[in-house]
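In: Fold the following for me, if possible:
(one chain, ligands or ions: 1)
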Amino acid sequence: MTKLVLVRHGQSQWNLENRFTGWVDVPLTALGVREAKKAGKLLTKEGVEFDIAFTSYQQRAIKTLWLSLEAMEQMYIPVTKDWRLNERHYGGLTGLNKQETREKHGDEQVHIWRRSFDIPPPQIDVDSEFHPSHEAKYAAIDPALLPTGESLKITTERVLPYFEDQIMPFIRASANTIISAHGNSLRALMKRLFDVDDADIPGFEFPTGNPLLIELEDGTTNIISARYLDKKRAKELPPVPKKKS
Ligand SMILES: O=C(O)[C@H](O)COP(=O)(O)O
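Out: Numbering: from 1, shown residues only. Presented below is the predicted three-dimensional model:
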């Protein structure tokens, strides 16, 4: 049996301030730090020994991974960071307060921007301080690939090829794997692993800093079991799909 853990970063400063965050590199709050450490303690209780870790280019996910691995005394494992595990890019909404945006554009429009599968937010202006081309860490990436406002569908189209090419070879080789990422990049992975329809996937929420432990049949992505380790803060999971073969 192979173990795959998906963990959303602990609470970030802009989760706390209720602002559209996306690619902005905000830090964890004190609560977020506690959630990340607790994630590590919960994983220790389960006795999971990881072989490899993956995370995004964003400090809230990186630090959540570090703090969890530290709590597990497993900081020695290889960690790969890749921008394709970043949060969905929130385009022109980046930095805005979610409640104020509802008051300005209406609940329905904001719900469409946040929870439709394929409707992207307005694109971010190149002059915005939040445009990814202004960040040194993205300088080596082909500018044509850098997102400027993504729907969940577009996010899925960058996360899943990365998952198949770079992560699946390890899972196929039965490596216990932890992926520390973001609400929407993890939704993309949940969609693939649980085989969730386009219309249903936006309805699933990842709680912050709460590891989702998925047990897989060796060499496959057939799910044997899946559960959040912090039961009190667990959210609903999609049904486990039938085994493929
Ligand atoms: O980027 C953000 O603002 C959050 O991490 C996820 O936002 P959402 O809950 O609106 O998808």
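
In: Can you list the neighbours in contact with stretch 129-145?
Out: Outside stretch 129-145, the residues that touch it by Cβ atoms under 8 Å, 6 or more residues apart in numbering are 22-25, 57, 83, 89, 94-95, 124-126, 146-148, 158. Quick note: C-beta positions are derived from backbone N, CA and C, even for glycine.

In: ok, now with 7 Å
Out: The contact list for stretch 129-145 (Cβ atoms under 7 Å, 6 or more residues apart in numbering) reads 23-24, 57, 83, 94-95, 124-126, 146.

In: And residue 223, its phi and psi?
Out: The phi/psi pair for residue 223 (degrees, to the nearest 10) reads phi -80, psi 130.

In: Outline the domain layout of the chain.
Out: Following automatic domain parsing, the chain resolves into domains at 34-87+205-217+226-245, 89-150.

In: pLDDT averaged over the longest one - what is it?
Out: Right, the one you point to is domain 34-87+205-217+226-245. Averaged across domain 34-87+205-217+226-245, the pLDDT comes to 97.

In: near the ligand at all, it?
Out: Yes. Interface with the ligand: domain 34-87+205-217+226-245 contributes residue 87 (Cβ under 6 Å from any ligand atom).

In: since we're on the residue of the chain found nearest the ligand, how many residues are nearby?
Out: The minimum distance from the chain to the ligand, using Cβ to the nearest ligand atom, falls at residue 21 (3.6 Å). By other Cβ atoms under 10 Å, 25 other residues sit near residue 21.

In: Check residue 136 too.
Out: The number of residues packed near residue 136 is 6, by other Cβ under 10 Å.

In: For it, give me phi and psi.
Out: Note on residue 136: its backbone torsions stand at phi -50, psi -40 [degrees, to the nearest 10].

In: got it, and residue 20?
Out: Per-residue torsions, residue 20: phi -60, psi 120 (degrees, to the nearest 10).

In: What number of residues are in the vicinity of it?
Out: Residue 20: 23 surrounding residues under other Cβ under 10 Å.

In: okay but it is in contact with residue 96, surely?
Out: Yes. Counting by Cβ atoms under 7 Å, residue 20 touches residue 96, with 5.3 Å between them.

In: and the nearest residue to residue 173 once chain neighbours are set aside, what element?
Out: Leaving out its chain neighbours, the residue that sits closest to residue 173 by Cβ to Cβ, 6 or more residues apart in numbering is residue 219, at 7.9 Å. Residue 219 belongs to no helix or strand when elements are defined using DSSP states H and E.

In: In this structure residue 219 contacts residue 170, no?
Out: No. The criterion here is Cβ under 7 Å, and residue 219 misses it with residue 170 at 11.4 Å.

In: about what we covered before: mark which of the contacts of stretch 129-145 are buried, thanks.
Out: Among the contacts of stretch 129-145, those scoring as buried are 23-24, 57, 83, 94-95, 124 (criterion: 16 or more other Cβ atoms under 10 Å).

In: Kind regards, and thank you for your time.
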